Each structure stands twice: as structure tokens, then as C-alpha cells.
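S.K.: Let's see this in three dimensions:
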Amino acid sequence: MTSLSYTLSSLHACLAIAFAAVFLPLYLNELAVNPLGAASSCWYECTCTDKRLWIGVYIMCSVMIGYFIIDLFLMRSSGMNAIFAFHHIAFGFAGILQLAYGRSCGPFVWLISGELSTIFLNARWFFRRKENVDAYTIAVVELLFASTFFITRIIGYGIGLYYCEMNQRF
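M.R.: Now for the predicted structure:
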């Protein structure tokens, strides 16, 4: 990947975190006000009463798909990594399904919060290519990456999946 691709990835991650910071409280409030509707929206149609949540998901999902398309072109011009390409294509397809069918608004909000670790992953890449960065700075960034990855993608995703499975309507 190129530095432009990493920069674009960092920008995408910052937008995703800003989105999560705004819309995660809306979703948590929806869970308190409309627990059955919000829980059922884990895997099914978005039944949230707060339309700002759906509009926000629609906008962020569109931004995410656009990022994936642009980054695929950047990767293609610099030697495509098959794993990154698969990731972009799979999540882009999931985003298109989200937009087309209006499913899983809740999980989209908490899954996108996992992008917090991407910021530190990309910072590590930039610092390792810079000449005057000391090992301590790199170690701190690696620790921040590892801890945010664990908190958002392991613990956060686990809690979210557990909640959705335990509270879905059949």
C-alpha cells in the first residue's frame, strides 16, 4: 500500500469514529426507549424510531463504500494485496446490502467503532517509515493500537453480537 492509501485509510477511520461518537449514543438511547425494535434491528429491518440513526447509517455507509472503491483503485496501481482487496470487496458488498435493504443499523454503528484501532495502525506505519522517530514513540503507538483493537474489535464486537443473539425476535 502507498502512503496515499494509508492517509485515505486514516481519514476514513477518523470519519468513522466521529460517526460512532455521534450515533452510538443515539443507538444506546434507542435501546432504552425501544428495546424490542432496536434489538430486532440487529439482523433485520431497521425498526428504530429515531430516523436520525438510519440517515446517519445511510450517509456513513455511502462514505465507506466510496472509500473502498477509491482505495481499491489506489491498491491496484501500487500492487494489490489480496487480503486487503478481499476485505474491501466483502465489506463494500455488505455496505451495498445495508443501503439496499436497510438491515442491521445497530450493528453497523458499533462495528464501525472498531476503526479506532485503524488510526493507530496507520500511525505505526507512518512512524516506522520516518527517520527521527524513537522506539518509545513507536512502542506507545503499538500499545494504543493493540489496546484499541482488543477493546473495540474483540470485547465490543463480542458484547454486541451476544446482545443481538440474546434479544432477537423470532
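
S.K.: any idea which residue of the chain is furthest from its center?
M.R.: The centre of the chain is farthest from one residue, Asn132, which by CA atoms, centre = their mean lies 31.4 Å away.

S.K.: Next, give phi and psi for that one.
M.R.: phi -100, psi 30 (degrees, to the nearest 10).

S.K.: which residues does it contact?
M.R.: Not one residue lies near Asn132 by CB atoms under 8 Å, 6 or more residues apart in numbering. C-betas here are computed from N, CA, C, even on glycine.

S.K.: For it, give its distance to Ile119.
M.R.: To Ile119, Asn132 is 21 Å away according to CB to CB, to the nearest Å.

S.K.: so how far is stretch 79-93 off the chain centroid?
M.R.: Chain-centre distance of stretch 79-93: 15 Å, with CA atoms, centre = their mean, to the nearest Å.

S.K.: Could I get the buried residue list for that stretch?
M.R.: The neighbour-count check on stretch 79-93 (16 or more other CB atoms under 10 Å) flags 88, 91-92 as buried.

S.K.: Just the ones of the residues you listed in helices?
M.R.: Applying DSSP state H to these, the entries found in helices are 88, 91-92.

S.K.: any idea which of those is closest to Pro25?
M.R.: Phe91 (24.0 Å; CB to CB).

S.K.: Excluding covalently adjacent residues, which one is nearest to that closest one?
M.R.: Phe68 (6.5 Å; CB to CB, 6 or more residues apart in numbering).

S.K.: Could you measure from Cys164 over to Phe23?
M.R.: Counting by CB to CB, the gap from Cys164 to Phe23 is 17 Å.

S.K.: And the two? Which one has more around it.
M.R.: The neighbour comparison of Cys164 against Phe23 (other CB atoms under 10 Å) goes to Phe23, with 26 against 18.

S.K.: The nearest residue to that one once chain neighbours are set aside: neighbour count?
M.R.: Sequence neighbours aside, Gly56 is the residue nearest to Phe23 in space, at 4.6 Å (criterion: CB to CB, 6+ apart). Around Gly56 there are 20 other residues, counting by other CB under 10 Å.

S.K.: and if you look at Met166?
M.R.: Neighbours around Met166, by other CB under 10 Å: 9.

S.K.: and it, what element?
M.R.: In this structure, Met166 sits in helix 157-167 according to DSSP states H and E.
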